[in-house]
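[1] Build me a model from this:
(chains A, B and C)
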Amino acid sequence: MKQHSLRLTVVTHGPGFTDLTAKIRRFVADAKIGTGLLTVFVPHTSASLLIQENADPDVLRDLKDAYAKLAPHGTQYRHSTEGPDDMPAHIRSALSQTSIGIPVSDGAPALGVWQAIYLFEHRDAGHTRDVLLHLIGD
Amino acid sequence: MKQHSLRLTVVTHGPGFTDLTAKIRRFVADAKIGTGLLTVFVPHTSASLLIQENADPDVLRDLKDAYAKLAPHGTQYRHSTEGPDDMPAHIRSALSQTSIGIPVSDGAPALGVWQAIYLFEHRDAGHTRDVLLHLIGD
Amino acid sequence: MKQHSLRLTVVTHGPGFTDLTAKIRRFVADAKIGTGLLTVFVPHTSASLLIQENADPDVLRDLKDAYAKLAPHGTQYRHSTEGPDDMPAHIRSALSQTSIGIPVSDGAPALGVWQAIYLFEHRDAGHTRDVLLHLIGD
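    Take a look at the predicted model:
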């Protein structure tokens, strides 16, 4: 049984999705692990992860709108010193994922054919984000 | 340290919950692993997972209604080519789980006494869904 | 490759957050595992987990309010025998996490500098809650 770890750096450009799937597939392939468990983890509280459809970009636009409605900008928040977009960003992170575990088989993450792994940026400004990958298996 | 994997096939009948707990318990028991980590993963983007109460079926009906309110059908979505239920299904999936990790002890998933593991179908029509199980431990 | 497990007991005092980070860090340090995967799991359906900001307590107050708006108390629920706060508690649990996986490196969970791991109590009354920790690595 072996382990591999990698820290990805991802530059975002305001609210929306960055597809991490190709980089994550390469990490798993390079690790030469046939069967195992991959963990994707975001060490931030205003950006998060989602596995969602990789085909129609309108799905991502609609998802962004849906999260904007569920956790809108506004004056209802106590926490506002970091800007009006910061508290909604925390809530949108809480309503998505900080960590996702994905089985690995045949040397690749066992994603469905329509699935991609996205970093979901919630702040209005672009940020440089870390994404941690961990793989255990043999 | 050993690993076991299994692909379950689950036939759903429109929006709602299918209890996977018995099948998952049997997978863990058959693997003869006393202590470890179980991962349940759904390779779909319009069906998802939830661990929720196993006692009163009204909890599941209320949960279904709550998700229907949080991500309603409607004309507000760009992505509509797959039907009016498809984009709400993606949002409801995003607001629940694609992957759940559960510690295993004494040869069984360490679920609470009131917990069951459900597949949560979000499309109006029934579907045949895959659920991937991965177990590592000894 | 080794495994360690621990059951934490956490006393809550109504809706809100209990910071588990120090106890979880101590568990990982005591296990003498340098690299691995930590899983935090809640065996309850009306309390859950969130990784969120550790700096400004107003973030936690705003998060609590946001979840109260997303899943409000009210008369719309079928499931009401356990009190008017029970069904909202199930929905708020579903909208947060029952399980979180965190990579371990250099003998510590690889949390971001602003991240804490919280137990999120959703019932009006205080409860004694279990939190399960599992660690695999070497």
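[2] interface residues of chain A facing chain B?
    A:1, A:35-37, A:50-53, A:56, A:58-59, A:61-63, A:65-66, A:70, A:95-97, A:100-103, A:105, A:110-115, A:136-138 (CB under 8 Å from any CB of the partner chain). For the C-beta atoms, the positions are set from N, CA and C on the backbone; glycine is no exception.
[3] How about chain A: which residue is closest to chain B?
    A:G112 (3.1 Å; CB to the nearest CB).
[4] tell me the contacts of that residue?
    B:V42, B:P43, B:H44, B:T45, B:D130 (CB atoms under 8 Å, 6 or more residues apart in numbering or on different chains).
[5] Need those residues in JSON lines (columns: neighbour count, distance to B:G14 and pLDDT).
    As requested, the contacts of A:G112 are exported to JSON lines (neighbours: other CB atoms under 10 Å in any protein chain shown; distance: CB to CB, whole Å; pLDDT from 0 to 100):
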{"residue": "B:V42", "neighbour count": "25", "distance to B:G14": "17", "pLDDT": "98"}
{"residue": "B:P43", "neighbour count": "21", "distance to B:G14": "20", "pLDDT": "98"}
{"residue": "B:H44", "neighbour count": "24", "distance to B:G14": "15", "pLDDT": "98"}
{"residue": "B:T45", "neighbour count": "24", "distance to B:G14": "17", "pLDDT": "98"}
{"residue": "B:D130", "neighbour count": "16", "distance to B:G14": "18", "pLDDT": "98"}
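[6] Distance of A:W114 relative to A:S48?
    20 Å (CB to CB, to the nearest Å).
[7] Which one's more surrounded, those two?
    Shown here are A:W114 and A:S48; by other CB atoms under 10 Å in any protein chain shown, A:S48 has more neighbours (26 against 16).
[8] Residues contacting the helix or strand where the more buried one lies, please?
    A:S48 is part of strand A:47-53 when elements are defined by DSSP states H and E. With CB under 8 Å, 6+ apart as the test, strand A:47-53 has contacts from A:12, A:17, A:40, A:42, A:59-60, A:63, A:89, A:92-93, A:96-100, A:102, A:111, A:114-123, A:127, A:129, A:131, B:45, B:90, B:93-94, B:98-99.
[9] quick one on the thing from earlier: and the gap between the residue of chain A closest to chain B and B:P43?
    A:G112 is 3 Å from B:P43, by CB to CB.
[10] Overlap in contacts, these two.
    B:D130.
[11] Please identify the buried residues of stretch A:39-55?
    A:39-54 (16 or more other CB atoms under 10 Å in any protein chain shown).
[12] quick one: which of the residues you listed is nearest chain C?
    For these, the nearest to chain C is A:P43 (3.1 Å; CB to the nearest CB).
[13] Leaving out the residues flanking it, which one is nearest to that closest one?
    C:G112 (3.1 Å; CB to CB, 6 or more residues apart in numbering or on different chains).
[14] helix, strand or coil for that neighbour?
    coil (DSSP: H, G, I helix; E, B strand; the rest coil).
[15] What separation do you get for it and B:Y118?
    For C:G112 relative to B:Y118 (CB to CB), the value is 31 Å.
[16] Can you tell me which residues in chain A are near chain C?
    A:1, A:3, A:5, A:37, A:39, A:41-45, A:70-71, A:76-79, A:81, A:87, A:90-91, A:93-95, A:97-101, A:130, A:132-134, A:136.
[17] one step back: of all the residues in the next helix or strand after the strand holding A:S48, which ones are buried?
    Next along the chain after strand A:47-53, taking DSSP H and E as the criterion, comes helix A:57-70. Going by neighbour count (16+ other CB under 10 Å), the buried part of helix A:57-70 is A:V59, A:L60, A:D62, A:L63, A:K64, A:A66, A:Y67, A:L70.
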